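Engineer: just a sequence and a predicted model for now, questions to come.
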Amino acid sequence: MAKMIIDDKEVEVREGLTLLDVFRKIGVNVPTLCHHEAVSPYGACRLCLVEVTMGRRNMLAASCLYPVTEGIIVKTDSERVLRARRMVAELLLARSPNVPYIQEIAKAQGIEEPRFRKRDERCVLCGLCVRGCREIAGVGAIDFSNRGVYMEVVTSFKILSEACVGCTTCVYLCPTDAIWSGDIRELSFAKSSNGDQGLVTPHYLDESMPRPIVGVTCTLGAGYMNPRFQEIEASGP
């Protein structure tokens, strides 16, 4: 067991947990976006930042990754923390101004309108779909590609992936509806601009073509569905 101070209160918790685990156990509300209990922590969104003091060292740390440590002092609502969270929320809102969940996060941090130039992205690169595909489905059909402002979630070589089993784990985990699925019984295939036959994303479609509503489609730029599912009709709800 380790003793620490969280928001001026001493707590004793089991070692091996993260600070975010502790917050949720004791009822301290800390916002998250890229975190889900079903997959490993990633620390991408930085919304869960807290202020950690250990000896003479003071820092902002992602609570989803920071381990329980004897003797640390943690502040979840200091001005430094709130200022950092507001900046993160504002940047997210500028990137995805039309995503309801991002709007909720920004509003909770007191951000109504971003100061930065707006974009119209749905994917916020939280990595939940990538981790879900790899850790839950055990497939790894999608992953990050490129770096910096060019980073995106795609299949290998941006072509239809035969590895995808159509489990829709990525759809369930996605917090912004950047990935979506329809009834597998209504599988519809469109022809992509590079000549491949299969599910494609709006980025690969002519503007006049209807957006596919079936299978699994990531609006970032990679559609993926195992071809063998063409012959399968779903049963049940």
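Structural biologist: That came through, no problem.
Engineer: when you work out contacts or count neighbours from here on, use the C-alpha atoms and nothing else.
Structural biologist: OK.
Engineer: from Met4, how far off is the closest residue to Thr18 other than its chain neighbours?
Structural biologist: Nearest non-adjacent residue to Thr18, counting by CA to CA, 6 or more residues apart in numbering: Pro67, 4.3 Å away. According to CA to CA, to the nearest Å, Pro67 and Met4 sit 12 Å apart.
Engineer: pop the domain breakdown of this protein in here.
Structural biologist: Per automatic domain parsing, the domain ranges recorded for the chain read 2-77, 128-231.
Engineer: show me what contacts Pro114?
Structural biologist: Residues near Pro114 by CA atoms under 8 Å, 6 or more residues apart in numbering: Glu90, Leu91, Leu93, Ala94.
Engineer: longest helix in the protein, by number of residues?
Structural biologist: Using DSSP state H, we find that the single longest helix of the chain is helix 79-95.
Engineer: show residues contacting it.
Structural biologist: Applying CA under 8 Å, 6+ apart, the external contacts of helix 79-95 come out as 45-51, 60, 75, 102-103, 105-106, 109-111, 113-122, 124.
Engineer: so where does Leu60 fall, helix or strand?
Structural biologist: According to DSSP states H and E, Leu60 maps onto strand 57-62.
Engineer: so which bits of that strand are buried?
Structural biologist: Within strand 57-62, the residues scored as buried using 16 or more other CA atoms under 10 Å are Leu60, Ala61, Ala62.
Engineer: which residues in the chain form helices?
Structural biologist: 19-26, 79-95, 100-108, 128-131, 169-173.
Engineer: next, the contact list for the residue positioned nearest the centre of the chain, please.
Structural biologist: The residue lying closest to the centre of the chain (CA atoms, centre = their mean) is Cys126, at 2.9 Å. The neighbours of Cys126, taking CA under 8 Å, 6+ apart as the test, are Leu33, Cys34, Ala44, Cys45.
Engineer: ok, 10 Å please
Structural biologist: Leu33, Cys34, His35, Tyr42, Gly43, Ala44, Cys45, Val153, Cys174, Pro175, Thr176 (CA atoms under 10 Å, 6 or more residues apart in numbering).
Engineer: quick one: the fifth one from Lys158, how far?
Structural biologist: With distances taken as CA to CA, Gly43 is found 26 Å from Lys158.
Engineer: neighbours of Glu79, how many?
Structural biologist: The local packing of Glu79 (other CA atoms under 10 Å) involves 11 other residues.
Engineer: and the strands in this protein, which stretches?
Structural biologist: With DSSP state E, the ranges of strands along the chain come out as 2-6, 9-13, 49-54, 57-62, 73-75, 142-145, 152-155, 179-181, 190-191, 197-198, 216-218, 222-223.
Engineer: would you turn those into CSV with distance to Arg24 and mean pLDDT?
Structural biologist: Compiled in CSV, the strands of the chain are given as follows (distance: least, CA to CA, whole Å; pLDDT from 0 to 100):
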stretch, distance to Arg24, mean pLDDT
strand 2-6, 12, 96
strand 9-13, 12, 95
strand 49-54, 14, 97
strand 57-62, 14, 96
strand 73-75, 14, 98
strand 142-145, 29, 91
strand 152-155, 30, 87
strand 179-181, 28, 71
strand 190-191, 45, 32
strand 197-198, 43, 38
strand 216-218, 31, 41
strand 222-223, 35, 35
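Engineer: all set, thanks.
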